[in-house]
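Asker: need a structure here:
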Amino acid sequence: MHALSRLSPEVRQYLLVTGNYWAFTLTDGALRMLVVLHFHALGYTPLQIAALFLFYEVFGVITNLLGGYLGARIGLNRTMNIGLAMQVVALMMLTVPAAWLTIPWVMSAQALSGIAKDLNKMSAKSSIKLLVPEGQQGTLYQWVAVLTGSKNALKGVGFFLGGALLAATGFRGSLLVMAAVLSLIWVSSLVMLQKDLGKAKAKPKFRELLSKSQAINVLSAARLFLFGARDVWFVVALPVYLSTVFGWDFWQVGGFLALWVIGYGIVQSLAPAITGKSRREIPDGRSAFGWALLLAGLPAGIALGLDTDWSAQAVLLGGLLLFAALFAINSSLHSYLIVSYAKADGVSLDVGFYYMSNALGRLVGTLLSGWVYQRYGLEACLWISSAFVLLAALISMALPHRDHAIKTTS
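Answerer: Presented below is the predicted three-dimensional model:
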């Protein structure tokens, strides 16, 4: 505690925001695994299980747009705390008797969890802009990368946590444990998080929901296609393919995807070092274009490899590892650029608009993943993925460039 008190107020707030985000992310990953495992045991098909998460993605689009406006009006401390409280309610909704766990009820709980997740994420990402002194872009890039990467690594840990809790305490017990812990985090956040963090000086008008910045509009369009490219084959097609074609059992599929997400998060955290921070360089529009172009051919290469005599497992798993690394760098670059481009006053408006595009890309990818795989197979999903990344790269060409010389304290 003494060491904590010696830190600057900005660093203490950053640690608190990050801690909130970590706690939420653990429950988010664990809840997803709990729902998947529990309803798989009840005999639901993979596509039926995926449908349970449809509202989670749909409400992510709405929440990011309206949540950014709400954050600028009432402060990011309040939107973060609202998200924590809503996640507790979503967890408690699923503790009802088994007979009440109908598909509409579970989808409603997932919708609430999706709203909570995007309020929490938007608040955390926006807060960093306000906690790093203006002009210290190297520090901003590092802080964004650590927050983003650690979140995804912990989401993978959450997959394991969900499975472990389910084995130890059962479905209802697991939910009660997570709700109790998250309630304590929520109370701590109410007391300790800086009041009015991110509240705009002038009350934003509702018509200001849509960004007027060309750079943010371009980056948002690129983000939509980038995340659609991931989810078009990763959400439904890949798990079903691993199960039906490779004959993996559910624990093998879930364990592999959890490790994939953890590795993806670690690479995100290391992105500043990989993309040139050691040479005092930070990303700009050219970086976003170059890294997206490098990724664009990979899914198509995996699809071509699956049509050869090579081992399908070696092609797919090797390609997945490379895809994780390249996609993580692209994602981390984008996460930094939106925080950098956003205006400090009412930052959540710009960040919320951007993550609305992110959620829309996930929604489009999720829907296409089930439909395209069912009609045409995994290779078709991979070709669409490559086309989406190529579009993201071409759109990124319109992003602004800047001088690579930066001022950094880290």
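
Asker: quick one: low-confidence parts of this protein?
Answerer: Filtered on pLDDT under 70, the chain yields the residue ranges 1-8, 10, 46-47, 135, 195-212, 250, 276-281, 344-346, 402-410.

Asker: those helices in it, which residues are they?
Answerer: Taking DSSP state H, the helices of the chain run over residues 2-5, 9-41, 46-52, 54-74, 76-93, 103-131, 137-192, 214-234, 237-244, 250-274, 285-306, 312-341, 347-376, 378-396.

Asker: In CSV: those helices, plus mean neighbour count.
Answerer: Every C-beta, even on glycine, is put in place using the N, C-alpha and C of the backbone. Formatted as CSV, these follow (neighbours: other Cβ atoms under 10 Å):
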stretch, mean neighbour count
helix 2-5, 7
helix 9-41, 20
helix 46-52, 17
helix 54-74, 23
helix 76-93, 23
helix 103-131, 23
helix 137-192, 19
helix 214-234, 24
helix 237-244, 20
helix 250-274, 19
helix 285-306, 20
helix 312-341, 21
helix 347-376, 23
helix 378-396, 23
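
Asker: contacting residues around residue 181?
Answerer: 23, 27 (Cβ atoms under 8 Å, 6 or more residues apart in numbering).

Asker: quick one: it and residue 16, what's the gap?
Answerer: According to Cβ to Cβ, to the nearest Å, residue 181 stands 16 Å off from residue 16.

Asker: same thing with residue 356?
Answerer: 26 Å.

Asker: isn't residue 338 right up against residue 348?
Answerer: No: the pair residue 338 and residue 348 fails to qualify as a contact (Cβ atoms under 8 Å) at a distance of 11.3 Å.

Asker: Nearest the middle, which residue of this structure would you pick?
Answerer: Centroid-nearest residue in the chain: residue 152, 6.8 Å away (criterion: Cα atoms, centre = their mean).

Asker: Tell me the spacing between that one and residue 29.
Answerer: 9 Å.

Asker: ditto for residue 282
Answerer: Residue 282 sits 30 Å away from residue 29, going by Cβ to Cβ.

Asker: if we can go back for a sec, overlap in contacts, residue 152 and residue 29.
Answerer: By Cβ under 8 Å, 6+ apart, the residues touching both residue 152 and residue 29 are residue 261.

Asker: Residue 35 is in contact with residue 51, isn't it?
Answerer: No: taking contacts as Cβ under 8 Å, residue 35 lies outside contact range of residue 51: 11.5 Å.

Asker: The residue of the chain most remote from its centre and residue 315: what is the separation?
Answerer: Distance from the C-alpha centroid of the chain, by Cα atoms, centre = their mean, peaks at residue 309 (35.7 Å). Here residue 309 is placed at a distance of 10 Å from residue 315 (Cβ to Cβ).

Asker: what's the answer for residue 148, then?
Answerer: Computed as Cβ to Cβ, the residue 148 to residue 315 distance reads 29 Å.

Asker: ok, residue 50 - contacts?
Answerer: Shown in contact with residue 50 (Cβ under 8 Å, 6+ apart): 235-236, 366, 369-370.

Asker: Any chance of JSON lines for those residues, columns distance to residue 171?
Answerer: Below are the contacts of residue 50 laid out as JSON lines (distance: Cβ to Cβ, whole Å):
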{"residue": "235", "distance to residue 171": "23"}
{"residue": "236", "distance to residue 171": "23"}
{"residue": "366", "distance to residue 171": "24"}
{"residue": "369", "distance to residue 171": "26"}
{"residue": "370", "distance to residue 171": "25"}
